[in-house]
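Engineer: Curious how this folds, go ahead:
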Amino acid sequence: MSTKGRGWLSSIDKLPDECQPIVAWAAKELANLDRTQTDVYQEFKTKLIALQGEQGVDFDIPHFRSFSRYSVRLASLSKTVEQARQIASTLADRFDAAGSDNLTIVAAEALKSLVLEAALMASGGNLTSKSAAEFSTALKNLAAAQSTSANRRLKLEAEAKARKAIEDMNAKAEKALDVLSNEPGISKEAIARARREFLGVRAKPKKDGET
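Structural biologist: Okay, the predicted model is just below:
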């Protein structure tokens, strides 16, 4: 079977599922940058040896060189994610409430590529069934975010159209009442009542001396 175009699984990628909590712990420790890579590896190795003894799981413990490559891979991914966050944060400051929805769409599309890249990096270039499932879940979450953003945008547009329609209607009614107020036979009281009932406009208080 041809393996062209596919990456090799590292020794860490080949660890059984029972080891995944330990791998996740190591990734967290490396990301915190509070300890040296050598220090984390020694405890990582100790935990794996203990797991072999406790559960009788048979696997090869990764060498430090493999662990070091894994650390570099994580650092590169963390840098990519942080850059994406900084870009999104910078752009968000330049968008208004409606424009931020457009940003959400753009960011979601970019994050899809980022999630796929992360899945491939985590699996050493091979998209395993586990990575594929995580990738699928991430895409579903992004799709849900896009849907929420689209619904919010539609709601904002509908509210804006409704406000515009009311403003136009009031403007036309005001104009019509102005015309009617100059017609003979229509009292000022009737015009004032119409303004009050249809436009919610209260009559202006009369000045001293006015009747």
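Engineer: Just the mean pLDDT for whatever helix or strand Glu189 lives in, thanks.
Structural biologist: Using DSSP states H and E, Glu189 maps to helix 188-194. Averaging pLDDT along helix 188-194 yields 72.
Engineer: where exactly do the helices run in this structure?
Structural biologist: For the chain, helices defined by DSSP state H occupy the ranges 20-32, 37-55, 64-92, 99-122, 129-181, 188-194.
Engineer: Show me what the helix holding Glu189 is packed up against.
Structural biologist: Under the contact criterion of 3 or more CB pairs under 8 Å, 6 or more residues apart in numbering; DSSP states H and E, helix 188-194 touches helix 129-181. For the C-beta atoms, the positions are set from N, CA and C on the backbone; glycine is no exception.
Engineer: From Ser78, how far off is Leu33?
Structural biologist: 10 Å (CB to CB, to the nearest Å).
Engineer: Who has more neighbours out of the two?
Structural biologist: More neighbours surround Ser78 than the other of Leu33 and Ser78, with 14 against 9 (other CB atoms under 10 Å).
Engineer: domain assignment for this protein?
Structural biologist: Domain assignment for the chain, taken from automatic domain parsing, gives 10-93, 163-199.
Engineer: okay, those in TSV with distance to Leu154 next?
Structural biologist: Converted to TSV, the domains of the chain look like this (distance: least, CB to CB, whole Å):
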stretch	distance to Leu154
domain 10-93	20
domain 163-199	15
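Engineer: Confidence-wise, which of the helices of the chain is weakest overall?
Structural biologist: helix 99-122 (a mean of 56).
Engineer: Lys175: neighbour count?
Structural biologist: Count around Lys175 with other CB under 10 Å applied: 10.
Engineer: Check the domains of the chain for me and report the most buried one.
Structural biologist: Among those, domain 10-93 has the highest mean neighbour count (mean count of other CB atoms under 10 Å), at a mean of 14.
Engineer: before we move on, back to that, would you tell me which of the domains of the chain gets closest to Lys155?
Structural biologist: Among those, domain 163-199 comes nearest to Lys155, with 12.6 Å by CB to CB.
Engineer: Pull the CA coordinates from stretch 24-34 and hand them back as PDB.
Structural biologist: Output in PDB follows, covering the C-alpha atoms of stretch 24-34 (Å, rounded to 0.1, in the frame of the first residue of the first chain):
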ATOM      1  CA  ALA A  24      -2.500  15.600  27.800                       C
ATOM      2  CA  TRP A  25      -0.800  16.300  31.100                       C
ATOM      3  CA  ALA A  26       2.600  16.600  29.400                       C
ATOM      4  CA  ALA A  27       1.100  19.000  26.800                       C
ATOM      5  CA  LYS A  28      -0.300  21.200  29.500                       C
ATOM      6  CA  GLU A  29       2.900  21.300  31.400                       C
ATOM      7  CA  LEU A  30       4.900  22.200  28.300                       C
ATOM      8  CA  ALA A  31       2.400  24.900  27.400                       C
ATOM      9  CA  ASN A  32       2.700  26.500  30.900                       C
ATOM     10  CA  LEU A  33       6.500  27.100  30.300                       C
ATOM     11  CA  ASP A  34       7.100  26.700  34.100                       C
END
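Engineer: Identify the residues contacting that stretch?
Structural biologist: Arg35, Gln37, Val40, Tyr41, Glu43, Phe44, Lys47, Phe67, Ser71, Leu74, Ala75, Ser78 (CB atoms under 8 Å, 6 or more residues apart in numbering).
Engineer: Thank you, goodbye.
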